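**Q** Here's a sequence, model it:
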Amino acid sequence: MKSIFCSLLLLIPHVVGAPFNARMASKSSKPPFFILAGDSTTAKQSSNGGGWGDGFLNTTLFNGASGQNYGHNGATTVSFRAGGDWDNVLATVKNTRTEYHPFVTIQFGHNDQKPAANISIAQYTENLERFVAEASAAGATPILVTPLSRRNYDSSTGTPKIIESLSNQTTATITAAHNSRVNFINLNKASTDYLNAIGPTNAYTYNLNAADYTHLNAKGSVVFGGIVAELIEREYPNLKHDGFLHVKNELKDDVERGIYYWPA
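**A** Below is the predicted model of the structure:
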């Protein structure tokens, strides 16, 4: 009996040290409801914006899983709150938490980095941490998402490589996740790796329009929405196991091997 008790004591630090949202997710058998908070690289496709959000919601959720896209063109971690979008996110958490397990994905950076926004990296990090705390308090599992890569290449070495213009915001997002003890997905790395592998000619087919290297068209939304789903599956394998989250095998395999994928 003493041996069993000591063994249980050894397990306690690992349980206490696990991210709060990972523990919460493992206890829920309800279907997930994904509430997407972010800028135009999360938002629905429109004349001046479009991200991975709708591709994720419309092609990777099954078996009663659902969600809502609150991505907002031009949003920063300040304006998303000031304009009332964050209040809508929290209200949706409270309205869905009885029937669903709400997840809130939080992805900013593209507009926060602009000089006109006047948001320092320290403020950006603090704003993300506040989003996380409030989403958790409302009853959701927050997931921080590093910013989707822009499709701008440097060809000076002869081999085109993505210009990693969001590295500071990526690092800050990861820092906020560690400080808040919640999970994050590194969409910036995953999207950069894929774009480097397929090269600019293929990457530009995902552009919202020919000269837009930031926003995604509908096909691009499906591809990068699938990448987001795959990254979430890795953090929450129970969502895949229970049939709530599924990425097409061809998309998954092509992205992993660095092969250009165009949705049918």
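**Q** so how many other residues sit close to H241?
**A** 10 (other C-beta atoms under 10 Å). Every C-beta, even on glycine, is put in place using the N, C-alpha and C of the backbone.
**Q** what helices or strands is the one helix or strand D253 maps to leaning on?
**A** If you go by DSSP states H and E, D253 is part of helix 249-257. When contacts are defined as 3 or more C-beta pairs under 8 Å, 6 or more residues apart in numbering; DSSP states H and E, helix 249-257 packs onto helix 218-235.
**Q** List the buried residues of whatever helix or strand comes next after the helix it packs on.
**A** Next along the chain after helix 218-235, taking DSSP H and E as the criterion, comes helix 237-241. Across helix 237-241, burial judged by 16 or more other C-beta atoms under 10 Å covers 239-240.
**Q** Ok, stretch 73-83 next?
**A** 73-81.
**Q** Please narrow the residues you listed to those residing in helices.
**A** 79-81 (DSSP state H).
**Q** List phi and psi for the residue nearest in space to the middle of the chain.
**A** Residue closest to the mean C-alpha point of the chain, counted by C-alpha atoms, centre = their mean, is V145 at 3.6 Å. Dihedral angles phi and psi of V145 (degrees, to the nearest 10) take the values phi -120, psi 120.
**Q** do you know how far it is from A75?
**A** 14 Å (C-beta to C-beta, to the nearest Å).
**Q** Between the two, which contacts overlap?
**A** Residues touching both V145 and A75 (C-beta atoms under 8 Å, 6 or more residues apart in numbering) are G38.
**Q** Which residues does stretch 145-162 contact?
**A** Under C-beta under 8 Å, 6+ apart, the answer for stretch 145-162 is 38, 41-42, 51-52, 105-110, 163-166, 169-170, 173-174, 184-189, 191-192, 195-196, 199-200, 203-204, 206-207, 213-214, 224, 228.
**Q** And S66, its phi and psi?
**A** The phi/psi pair for S66 (degrees, to the nearest 10) reads phi -150, psi -170.
**Q** Likewise for V104?
**A** Taking degrees, to the nearest 10, you get phi -120, psi 110 for the backbone angles of V104.
**Q** What about K44, how many residues nearby?
**A** The number of residues packed near K44 is 19, by other C-beta under 10 Å.
**Q** Report the separation between the closest residue to it other than its chain neighbours and Q45.
**A** Distances taken as C-beta to C-beta, 6 or more residues apart in numbering put D54 closest to K44, at 5.2 Å, once the chain neighbours are dropped. With distances taken as C-beta to C-beta, D54 is found 7 Å from Q45.
**Q** Please say which of those two ends up with more neighbours.
**A** D54 (22 against 18).
**Q** what pLDDT, on average, does the helix or strand harbouring that one get?
**A** If you go by DSSP H and E, D54 is part of helix 53-59. The average pLDDT within helix 53-59 is 98.
**Q** Okay, now the sheet partners of the next helix or strand after that helix, with direction.
**A** Counting by DSSP H and E, the element after helix 53-59 in chain order, helix or strand, is strand 66-69. Strand partners for strand 66-69, identified by DSSP bridges, are recorded as strand 32-38 (parallel).
**Q** which residues of the protein score low on pLDDT?
**A** Counting by pLDDT under 70, the chain contains low-confidence residues at 1-28.
**Q** between D54 and Q45, what contacts are shared?
**A** Common neighbours of D54 and Q45 (C-beta under 8 Å, 6+ apart) are 218, 221.
**Q** What would the helix holding D253 look like as PDB? C-alpha coordinates only.
**A** Listed next in PDB are the C-alpha coordinates belonging to helix 249-257 (Å, rounded to 0.1, in the frame of the first residue of the first chain):
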ATOM      1  CA  ASN A 249      -5.500  12.400 -46.000                       C
ATOM      2  CA  GLU A 250      -4.300  13.700 -49.300                       C
ATOM      3  CA  LEU A 251      -4.000  17.300 -47.900                       C
ATOM      4  CA  LYS A 252      -2.300  16.100 -44.800                       C
ATOM      5  CA  ASP A 253       0.200  13.900 -46.700                       C
ATOM      6  CA  ASP A 254       1.000  16.500 -49.300                       C
ATOM      7  CA  VAL A 255       1.600  19.200 -46.700                       C
ATOM      8  CA  GLU A 256       3.800  16.900 -44.600                       C
ATOM      9  CA  ARG A 257       5.900  16.000 -47.700                       C
END
